[in-house]
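**Student:** Here is the input, now give the coordinates:
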Amino acid sequence: PLSNDNLYYFSVFGFDEIPNHTTPIQLIQQPDGVPPIIYTVIIPNPIFPSNLDVNITANETLRTPFNIDVTFAGNTQAFSATPLPFNLTYQGAYPMALGQSGEVTITVAASDIAGNPVIDATSYNSKHIQARVGSYIQNTNENVTLNVPADALDRDATIALLPVNRHTHQTPLLIIGEGINVHCPNGTFRAPVSLTFDYSNLNVAAADEEKLGLYHYSDGQWRIVSRELVDNKISVNTMNKGAYALFLDKVPPTASSLTPTGSARFEYKDPVIRAKIDDVGTGVDPASLRVTVNGDPAVVSYNPESKK
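**Tutor:** So this is what the prediction gives:
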């Protein structure tokens, strides 16, 4: 067996039946000096809402075990973790600090089989809010603010603003800054709360502002909930928890399922032309739809529910 700590020289050489020989090819194996890439994601636990799952995914096999440090209020608790075999993914559940407020940082220190080290850290803010008083909470970057009015919560509860996992909430839209997941495991909103994203420090060009929107992730897709821009901020009043993010919509709508087909013959005078018009971003503008027959405009109607 070869050791990763040494250089090895290989040569490939051969003859045909004449014999003509090949030009020798030399392959040099260099030691692996590239650290692994890991992604640390904090997500709510659907079975035990008071726990947070820490998902760690790597692009290559890690030495086991590796270390996970959870820091809250200046105190660090160390854990030892082993990835799932052949999966390159580790998942562990950690109790959420219910009834407490502050920033939580999760730091992962690992190395690949060759011994190249890597450190990844992610953090979130949590806050315990009294229902009858109300309060606000910001994310760790202080550009997202959740305002909870008095009596908007059905009980005293802890709210956490978790970073959104871009890998499981994928979309062709361009994300601006960091999305957040409004997590409130022991309380429910019984009145609207205000969620505001400040994009003044996120390098959004003035020409792109009209394409900017605030989206909420539901039913497996991002849905736009606000395009109201005021002083480099965009807000929404909502009673829904879950993932929110700012996106730039630079993706045009798509047209598909056109009927009749190009080879169809019409047996009646006024045929109906149908198509599906879909959009992953701000949605289809019905007033923009045009249908022409031999260059002549036709009457158009659009159903946003069926997208036809």
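**Student:** low-confidence ranges in the stretch 151-300 of the chain?
**Tutor:** 166-168, 262-264, 266-269 (pLDDT under 70).
**Student:** Tell me the pLDDT of Phe79.
**Tutor:** Here the pLDDT value assigned to Phe79 is 79.
**Student:** which residue packs closest to it, ignoring adjacent ones?
**Tutor:** Leaving aside its sequence neighbours, Phe79 sits nearest to Ile68 (Cβ to Cβ, 6 or more residues apart in numbering; 4.4 Å). In this view, the C-beta of every residue, glycine as well, is placed from N, C-alpha and C.
**Student:** which element is that neighbour on?
**Tutor:** Assigned by DSSP states H and E, Ile68 falls within strand 66-72.
**Student:** If you count neighbours, what's buried in that strand?
**Tutor:** Phe66, Ile68, Val70, Thr71 (16 or more other Cβ atoms under 10 Å).
**Student:** Was I right to think the residue nearest to Phe79 contacts Thr76?
**Tutor:** No: Ile68 lies out of contact with Thr76 (Cβ atoms under 8 Å); the separation is 10.5 Å.
**Student:** how about stretch 288-308 as CSV, C-alpha atoms only?
**Tutor:** Extracted in CSV, the C-alpha atoms of stretch 288-308 (Å, rounded to 0.1, in the frame of the first residue of the first chain):
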residue,chain,number,x,y,z
SER,A,288,-48.1,40.9,-20.9
LEU,A,289,-49.4,37.7,-22.6
ARG,A,290,-49.7,37.8,-26.3
VAL,A,291,-51.0,35.2,-28.8
THR,A,292,-50.9,35.7,-32.5
VAL,A,293,-52.3,33.6,-35.4
ASN,A,294,-50.5,34.3,-38.7
GLY,A,295,-49.4,37.6,-37.2
ASP,A,296,-52.9,38.6,-36.1
PRO,A,297,-53.6,39.0,-32.3
ALA,A,298,-56.0,36.6,-30.5
VAL,A,299,-58.0,37.1,-27.3
VAL,A,300,-56.0,35.8,-24.3
SER,A,301,-57.1,34.7,-20.9
TYR,A,302,-54.9,33.3,-18.1
ASN,A,303,-55.6,31.2,-15.0
PRO,A,304,-52.8,31.8,-12.4
GLU,A,305,-53.9,28.6,-10.5
SER,A,306,-53.5,26.2,-13.4
LYS,A,307,-50.9,28.5,-15.0
LYS,A,308,-52.7,28.1,-18.3
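**Student:** so who does Ala243 touch?
**Tutor:** Applying Cβ atoms under 8 Å, 6 or more residues apart in numbering to Ala243 gives the contacts Val164, His169, Gly179, Ile180, Asn181, Val182, His216, Tyr217.
**Student:** Pull up the gap between it and Ser226, please.
**Tutor:** Using Cβ to Cβ, to the nearest Å, Ala243 is found at 15 Å from Ser226.
**Student:** cool, and Ser235?
**Tutor:** 6 Å.
**Student:** Much appreciated, bye for now.
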